[in-house]
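J.: quick one, fold the following:
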Amino acid sequence: MSKISWRQVSALTLAAFFVVGSLSNIFAPGSIYEEYLRWGYPYWFHFVTGSLELTTAVLLARARTWLWGSALGCAVMLAALATVTLHGEYGHGVAPLVVAALSIVVGWIAWPKAAPSSA
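T.: Model (predicted):
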């Protein structure tokens, strides 16, 4: 039986969030579709968001690409946070803020550690 580290759990949990988010954006029910329109985005923009979230999930699924996935996920969540903040929907900003913070943590975990110099 293999051991799963907390680093893997955090990255895979974040990936799962982005899978769910991508599916809810790609197959947007009327309420999500209408929110995008209300915020002033084009009618097809939910596909862009869903695709970016799915790409994030794929990148977070492999340890080698955690840094890229966390950076993309953080950017997507900060854009979502900016959108709801600009439209005064502050209650909708909690989830993007938390997920952006978790993305930063996963990125920090994945950040290459500098080797000590031999000077």
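J.: and the helix or strand bottoming out on mean pLDDT in the chain, what does it pack against?
T.: With mean pLDDT, DSSP states H and E as the measure, the helix or strand of the chain carrying the lowest mean pLDDT is helix 30-38 (a mean of 93). Packing contacts for helix 30-38, counted by 3 or more C-beta pairs under 8 Å, 6 or more residues apart in numbering; DSSP states H and E, involve helix 45-60. The way it works is simple: take the backbone N, C-alpha and C, and place the C-beta from them, glycine included.
J.: the helix it packs on: which residues count as buried?
T.: Using 16 or more other C-beta atoms under 10 Å as the burial criterion, the residues of helix 45-60 that qualify are 45-46, 49-50, 52-60.
J.: isn't S10 right up against S103?
T.: No - checked against C-beta atoms under 8 Å, the pair S10 and S103 is beyond contact range at 10.0 Å.
J.: and which of the buried residues of helix 45-60 is nearest P29?
T.: For P29, the nearest member of the buried residues of helix 45-60 is H46. The distance, counting by C-beta to C-beta, is 10.2 Å.
J.: ok, the closest one - contacts?
T.: Residues in contact with H46, defined by C-beta atoms under 8 Å, 6 or more residues apart in numbering, are N25, I26, A28, I32, Y33, Y36.
J.: from W66, how far out is the spatially most central residue of the chain?
T.: Ranked by distance to the mean C-alpha position of the chain (C-alpha atoms, centre = their mean), the top residue is G73 at 2.9 Å. To W66, G73 is 10 Å away according to C-beta to C-beta, to the nearest Å.
J.: so what sits against both of those two?
T.: For the pair G73 and W66, residues contacting each of them under the criterion C-beta under 8 Å, 6+ apart are L60, V106.
J.: alpha carbons of whichever helix or strand V19 is part of, as CSV, please.
T.: V19 is part of helix 6-26, with elements assigned from DSSP states H and E. Presented in CSV, the C-alpha positions along helix 6-26 are these (Å, rounded to 0.1, in the frame of the first residue of the first chain):
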residue,chain,number,x,y,z
TRP,A,6,-0.3,15.8,2.4
ARG,A,7,1.3,17.6,-0.6
GLN,A,8,-0.4,15.2,-3.0
VAL,A,9,-3.7,15.4,-1.1
SER,A,10,-3.7,19.2,-1.3
ALA,A,11,-2.9,19.2,-5.0
LEU,A,12,-5.4,16.5,-5.8
THR,A,13,-8.1,18.1,-3.7
LEU,A,14,-7.5,21.4,-5.5
ALA,A,15,-7.6,19.5,-8.8
ALA,A,16,-11.0,18.0,-7.9
PHE,A,17,-12.4,21.4,-7.1
PHE,A,18,-11.3,22.6,-10.6
VAL,A,19,-12.8,19.6,-12.3
VAL,A,20,-16.2,20.3,-10.6
GLY,A,21,-15.9,24.0,-11.5
SER,A,22,-15.0,23.3,-15.1
LEU,A,23,-17.9,21.0,-15.6
SER,A,24,-20.3,23.4,-14.0
ASN,A,25,-19.0,26.1,-16.3
ILE,A,26,-18.8,24.1,-19.5
